[in-house]
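*Asks:* what follows is a predicted protein model with its sequence.
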Amino acid sequence: MRLQYHQGKNFGDQLNPLIFNYFFPGYFSEGSEGPTVLGIGSILGFSQKYAGKKIVFSSGFGDGASSTYGSLPKDVSAFDFITVRGPLTAKLLGLTEERWVTDGAILLAGMNLKFPERKKVISFMPHLGSEAFYDHEIICKEMNWQFISASESVDVVLEKIANSSVVITEAMHGAIVADTLRVPWIPYVGFKTINSFKWQDWCGSMEMEYRPVHLTPYFSAAKVKELVNLKYGNGMFKFFAPIITILMEWWMKRVMSKNLKKLRGIEIANDSFLSKDEVFANRLKRMLGKVEEFKNKYPI
């Protein structure tokens with residue numbers, strides 16, 4: 001079998017080999033002519049790229065953003081839906097309730113992971129797409145928070161989340177893994193392309209609401225210079241570029257101040273989320289059952 005997931009340096013996607021090779025040892029090989037297994041991530045919109053039989057194990061969809069997440073397949077006759085990420089994905093596909101559980105990252109709770117213990121800190125984790133634009137580390141320095149990059153290694157991110165008192169996250173798998181490790185989390189949006197459908201799909205699967213803190217979009221000083229130069233650097237307004245840069249940098253400082261004020265106003269105890277223990281236990285049990293269903297249907 002071939003395990004398919006988005007190939008990129010992104011924490012959520014990179015959980016796939018860790019989890020699937022643990023629960024399905026010996027199942028996957030590169031270049032295999034067997035079925036394609038679609039794993040963790042919002043990848044159902046690109047499933048048509050893979051020929052032949054497709055087995056879906058906890059994959060989801062990102063509705064409303066076809067340029068990013070593609071389009072759902074109209075013909076699903078070649079699909080075996082073991083489970084999808086949540087009720088919204090299942091509804092779009094016309095699947096029954098038993099065909100969704102939650103995101104596959106919940107299986108981390110069945111892996112007996114151990115982490116070195118240290119003092120618990122508040123962590124701040126932006127979406128990977130935000131990191132190139134915004135000065136997140138300035139926020140963390142001002143707030144005395146731990147910065148978590150979605151581009152760091154899986155081991156590093158897991159250890160940081162495990163040693164957090166709360167994770168304030170724009171990255172959905174920051175929240176999913178925090179919830180799995182039973183660490184409270186707070187969602188935020190500072191990047192306008194964050195897909196709320198994905199979040200609502202997962203939150204609905206765990207019987208929670210998606211209520212993010214909204215930050216004003218802001219750009220780092222380096223990104224401001226880059227954008228101004230791109231737009232005005234070679235045109236008839238190029239002589240105004242330095243002035244425009246100064247004005248934009250001034251405005252971004254005001255935006256940063258506004259965002260810091262909002263973040264300081266967060267009440268951790270009242271604004272954080274954590275799925276109920278009984279709901280979490282139910283979803284983990286059901287997902288482990290899906291592992292067995294997969295193995296029974298496709299023994300090696």
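*Replies:* Nice, I can see it.
*Asks:* in whichever strand or helix holds residue 155, what's buried?
*Replies:* Using DSSP states H and E, residue 155 falls within helix 154-162. Neighbour counts using 16 or more other C-beta atoms under 10 Å place 154, 157, 158, 159, 160, 161, 162 of helix 154-162 among the buried residues. C-beta: built from backbone N, CA, C; applies to glycine.
*Asks:* same check, this time on stretch 8-23
*Replies:* 10, 11, 12, 13, 14, 15, 16, 18, 19, 20, 23.
*Asks:* export those to CSV and tack on pLDDT and distance to residue 222?
*Replies:* Output for the buried residues of stretch 8-23, formatted as CSV (pLDDT from 0 to 100; distance: C-beta to C-beta, whole Å):
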residue, pLDDT, distance to residue 222
10, 94, 22
11, 97, 24
12, 97, 26
13, 97, 26
14, 97, 26
15, 98, 30
16, 98, 32
18, 98, 33
19, 98, 36
20, 98, 38
23, 98, 42
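*Asks:* quick one, helices of the stretch 1-150 of the chain?
*Replies:* 11-23, 66-69, 87-93, 128-131, 136-143 (DSSP state H, counting those that start in this stretch).
*Asks:* tell me the angle the helix holding residue 155 makes with helix 11-23.
*Replies:* 100 degrees (axes from the mean of the first three to the mean of the last three C-alpha atoms, to 10 degrees).
*Asks:* same question for whichever helix or strand comes after helix 154-162, mean pLDDT?
*Replies:* Counting by DSSP H and E, the next helix or strand C-terminal to helix 154-162 is strand 164-169. Averaging pLDDT along strand 164-169 yields 98.
*Asks:* tell me what the helix holding residue 155 is packed against?
*Replies:* helix 11-23, strand 121-125, helix 172-180 (3 or more C-beta pairs under 8 Å, 6 or more residues apart in numbering; DSSP states H and E).
*Asks:* quick one: residue 292 and residue 81, what's the gap?
*Replies:* 16 Å (C-beta to C-beta, to the nearest Å).
*Asks:* between the two, which is the more surrounded one?
*Replies:* Neighbour count, other C-beta atoms under 10 Å: between residue 292 and residue 81, residue 81 has more, with 21 against 10.
*Asks:* quick one: contacts for the more buried one?
*Replies:* 56, 93, 95, 99 (C-beta atoms under 8 Å, 6 or more residues apart in numbering).
*Asks:* quick check: pLDDT value at it.
*Replies:* Residue 81 carries a pLDDT value of 98.
*Asks:* quick check: bridge partners of it?
*Replies:* Counting by DSSP bridges, residue 81 forms beta bridges with residue 56.
*Asks:* distance of it from residue 59?
*Replies:* 9 Å.
*Asks:* what residues of stretch 243-256 count as buried?
*Replies:* Neighbour-count burial for stretch 243-256 [16+ other C-beta under 10 Å]: 244, 245, 248, 252, 256.
*Asks:* ditto for stretch 199-210
*Replies:* Across stretch 199-210, burial judged by 16+ other C-beta under 10 Å covers 199, 200, 201, 202, 203, 204, 205, 206, 208, 210.
*Asks:* contacts for it next, please.
*Replies:* 60-61, 85-89, 100-103, 172, 175-176, 179, 187, 196, 212, 273, 275-276, 279-280, 283.
*Asks:* gap between the two ends of that stretch?
*Replies:* With C-alpha to C-alpha, to the nearest Å as the measure, stretch 199-210 spans 7 Å from end to end.
*Asks:* so how far is that stretch from its chain's centroid?
*Replies:* Offset of stretch 199-210 from its chain centre (C-alpha atoms, centre = their mean, to the nearest Å): 13 Å.
*Asks:* and that stretch, what's its mean pLDDT?
*Replies:* Averaged across stretch 199-210, the pLDDT comes to 98.
*Asks:* for stretch 94-112, same thing?
*Replies:* Computed over stretch 94-112, the average pLDDT equals 97.
*Asks:* now do the nearest residue to residue 154 once chain neighbours are set aside against residue 273, distance only.
*Replies:* Of all residues not flanking residue 154 in the chain, residue 14 sits nearest, at 5.1 Å (C-beta to C-beta, 6 or more residues apart in numbering). Per C-beta to C-beta, residue 14 is found 24 Å from residue 273.
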